[in-house]
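**Q** this is a predicted model, with the sequence first.
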Amino acid sequence: MTGTALVLGGTRSGKSTFAESLLAGAPRVSYVATSEVRPDDAEWVERLRIHRSRRPSHWETVETIDLAAELRRDDEAPMLVDCLGVWLTRLLDDGCWDRDPAALEQLGIRVEEFLSALRKTRRPVVFVSNEVGLGVVPATSAGRLFTDQLGRLNMQVAATVDRVWFCVAGIPMQVKGT
């Protein structure tokens, strides 16, 4: 794969598996895992294990939330980022849930830094993200903050990348690009 892409979908829609398939033939891939390990959460540990077991052994795994730095890294290997929703959650954990103005300003700076690096990268990159715009409006302030922020982020990334796919029931549908 060349260029940049975004793969959207709901929970268990097949988006990660499809995103991985886009880079299956690459001799080297940098897999950027945005999640953090939570040893006290057995279900989360199992999800991470399943993701790891699907990846080819020659893929490099980078665990970070500094996506801008990874996009700027001088490396020609394609990059797969899984996932923007988890990345955003980790940024929101830094004081944003209570809608602290200073924390939200820092969130905006981090997102813009990421988008700037995305616009400049020469690396082939595939992003995975959750589509949150098809459900009900969340009942909690934190839920609304997350869906609003992720919806905006997805729109900004979709406007920037070359191709966008939407996965439903394991079926990817291309909605942007050729």
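**A** Yes, it's here. Being a predicted model, the structure only gives us computed values, none of them experimental.

**Q** where does Arg47 land in three-state SS?
**A** Classification of Arg47 using DSSP: H, G, I helix; E, B strand; the rest coil returns helix.

**Q** how many neighbours does it have?
**A** Arg47 has 13 neighbouring residues, counting by other CB atoms under 10 Å. Backbone N, C-alpha and C define where each C-beta goes, glycine included.

**Q** and it, how far is that from His58?
**A** Taking CB to CB, to the nearest Å as the measure, Arg47 and His58 are separated by 23 Å.

**Q** all helices of this structure, in order?
**A** 15-22, 42-54, 67-72, 84-92, 101-120, 141-160 (DSSP state H).

**Q** could the ones you listed go into CSV alongside mean pLDDT and distance to Ala33?
**A** What follows is the helices of the chain, written out as CSV (pLDDT from 0 to 100; distance: least, CB to CB, whole Å):
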stretch, mean pLDDT, distance to Ala33
helix 15-22, 95, 11
helix 42-54, 80, 8
helix 67-72, 96, 11
helix 84-92, 96, 9
helix 101-120, 97, 16
helix 141-160, 97, 18
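
**Q** nearest to Ser30 among those would be which one?
**A** helix 67-72 (7.1 Å; CB to CB).

**Q** output the contacting helices and strands for that closest one.
**A** When contacts are defined as 3 or more CB pairs under 8 Å, 6 or more residues apart in numbering; DSSP states H and E, helix 67-72 sits against strand 30-33, strand 79-82, helix 101-120.

**Q** which ones are touching Thr61?
**A** Each residue near Thr61 by CB atoms under 8 Å, 6 or more residues apart in numbering is listed here: 31, 33, 52, 55.
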